[in-house]
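Chemist: sharing a model prediction with you, sequence too.
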Amino acid sequence: MNTTLTAVSGLEVGHYTDLANATGCTAIICRAGASPGVDVRGGSPGTRETDLLQPMRRVDRVHAIVLSGGSAYGLDAASGVMRYLEEQDIGVRVGSALVPIVSSAILFDLNLITHKVRPGPAEGYAAAQAANTEPVPEGTTGAGTGATVGKILGPDRAVKGGIGSAAMTLPDGNTVAALIAVNAVGDAVDHRTGQVVAGPRRESGPGFLPAVEVLTRGEAQVEASVAPPMSNTTIGVVATDATLTKEEANWLARISHDGLALAIRPCHTSRDGDTLFTMATNQRHPPGDLTTLGTAAVEVTAQAVLRAVLTATGLGGIPAVSELNGEG
């Protein structure tokens, strides 16, 4: 059973992964075009073609979303996805021209192994070529390859992040799913139990120091040299096969951030540029209840965050939760 983003009819997902340099990118493709939405939060975002997705803008379809490592350099990966889609004759017709609509967001992974290698057009093209409807691989792959979490006390105490996905089918038959690349300065928290699943590791002994307590109790000063601004960010896509207008898709992107806030603490900080996109493939009629869709979107977003850290494997000297021998 597929419980990842490709459970949504009409979507394909492909990764490009560079383990040697701890970076990668992920292409989410809708060949028929999807009703788009976006909501950008936090103080340090990096995005491409997000203004176009707002309700008042003319274009009402997006053909791909690209999630990438590489900080601002990684925005170039979207150019490779555009080239792939053009070759596939996918895009908006403007006279004799064809323009694929490809939006993108990036996360910062430049210092895990090297800052000299980052995804570009060739890597984006490779991710698009690899896109398929199979269950999406999770963990240390694609845009989550170089991701880390729990960095409030510095990278030496961090835990490996990654990319995770979750999906659910509602009683009315509509499917809602999320794909989230988690590279947060804060902790990953199981929203069902309140347990910190991944956070800054204690200097000695097992377990994590909850970032909220570290900050609010004054147990440590967060210096720029310890948790640098612009060195984090959680990005992702929430999708549904329900039929939504562009305005409704934007509303779904906004409410889906509640899922990030449930599973990442603190969330939307000045050191993060959290960005969520929506893709509604409009495969099902009638569209379904928007409140129910929003509730499901929040839940699968939170679940995807947990999947990202629980399926990750260690890289660049940063251990994954699965490698900490049950610590936490």
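Modeler: Great, that's in hand. Small disclaimer: the values here were computed from a predicted structure and weren't measured. Numbers count the residues shown, from 1 in each chain.

Chemist: can you tell me the centre-most residue of this structure?
Modeler: Gly236 (2.5 Å; CA atoms, centre = their mean).

Chemist: what kind of secondary structure is that one in?
Modeler: strand (DSSP: H, G, I helix; E, B strand; the rest coil).

Chemist: repeat for Phe277
Modeler: strand.

Chemist: span of stretch 279-297 from start to end?
Modeler: End-to-end distance of stretch 279-297: 12 Å, with CA to CA, to the nearest Å as the criterion.

Chemist: in it, what counts as buried?
Modeler: Using 16 or more other CB atoms under 10 Å as the test for burial, stretch 279-297 gives Met279, Ala280, Thr281, Asn282, Gln283, Arg284, Pro287, Gly288, Leu293, Gly294, Ala296, Ala297. Just so you know, the C-beta spots here come from the backbone N, C-alpha and C atoms, and that holds for glycine as well.

Chemist: is Gly259 in a helix, a strand, or coil?
Modeler: Taking three-state DSSP, the label given to Gly259 is helix.

Chemist: output the contacting helices and strands for the biggest helix by length in the chain.
Modeler: Longest helix in the chain by number of residues (criterion: DSSP state H): helix 290-310. Helices and strands touching helix 290-310, by 3 or more CB pairs under 8 Å, 6 or more residues apart in numbering; DSSP states H and E, are strand 162-169, strand 175-182, strand 187-189, strand 196-198, strand 235-240, helix 246-263.

Chemist: show me how far the second one is from its chain's centre.
Modeler: Pointing back at strand 175-182 there. Here strand 175-182 shows a centroid-to-chain-centroid distance of 7 Å under the convention CA atoms, centre = their mean, to the nearest Å.

Chemist: and it, what's its mean pLDDT?
Modeler: Averaging pLDDT along strand 175-182 yields 98.

Chemist: just the first one next, same as before
Modeler: Rounded to a whole number, the mean pLDDT of strand 162-169 is 98.

Chemist: same thing with the third one?
Modeler: This predicted structure assigns strand 187-189 an average pLDDT of 95.

Chemist: walk me through which strands it pairs with, and which way each runs.
Modeler: Strand 187-189 has the following strand partners under DSSP bridges: strand 196-198 (antiparallel), strand 264-265 (antiparallel).

Chemist: TSV for the ones you listed, including mean pLDDT?
Modeler: Below are the strands paired with strand 187-189 laid out as TSV (pLDDT from 0 to 100):
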stretch	mean pLDDT
strand 196-198	94
strand 264-265	94
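
Chemist: any chance of those in CSV, plus mean neighbour count and distance to Gly142?
Modeler: What follows is these, written out as CSV (neighbours: other CB atoms under 10 Å; distance: least, CB to CB, whole Å):
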stretch, mean neighbour count, distance to Gly142
strand 196-198, 25, 19
strand 264-265, 24, 19
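
Chemist: what sits against Leu5?
Modeler: Neighbouring residues of Leu5 by CB atoms under 8 Å, 6 or more residues apart in numbering: Leu11, Val13, Ile28, Val136, Ser165, Ala167, Ala177, Ala178, Leu179, Val237, Ala239.

Chemist: what's across from the residue lying closest to it once chain neighbours are set aside in the sheet?
Modeler: What sits nearest to Leu5 in space, not counting adjacent residues and going by CB to CB, 6 or more residues apart in numbering, is Leu179, at 4.1 Å. Beta bridges link Leu179 to Ser165, Val237 when assigned by DSSP bridges.

Chemist: run the angle between the longest helix of the chain and strand 235-240 for me.
Modeler: 140 degrees (axes from the mean of the first three to the mean of the last three CA atoms, to 10 degrees).

Chemist: got the angle for helix 290-310 vs strand 175-182?
Modeler: Using the same axes, to 10 degrees: helix 290-310 against strand 175-182 is 40 degrees.

Chemist: isn't Ala143 up against Ile180?
Modeler: No: shown here, Ala143 and Ile180 do not form a contact pair, counting by CB atoms under 8 Å, at 9.5 Å.

Chemist: tell me where the stretch 51-200 of the chain has helices.
Modeler: Assigned by DSSP state H, counting those that start in this stretch, the helices in the stretch 51-200 of the chain fall at 77-87, 121-129.
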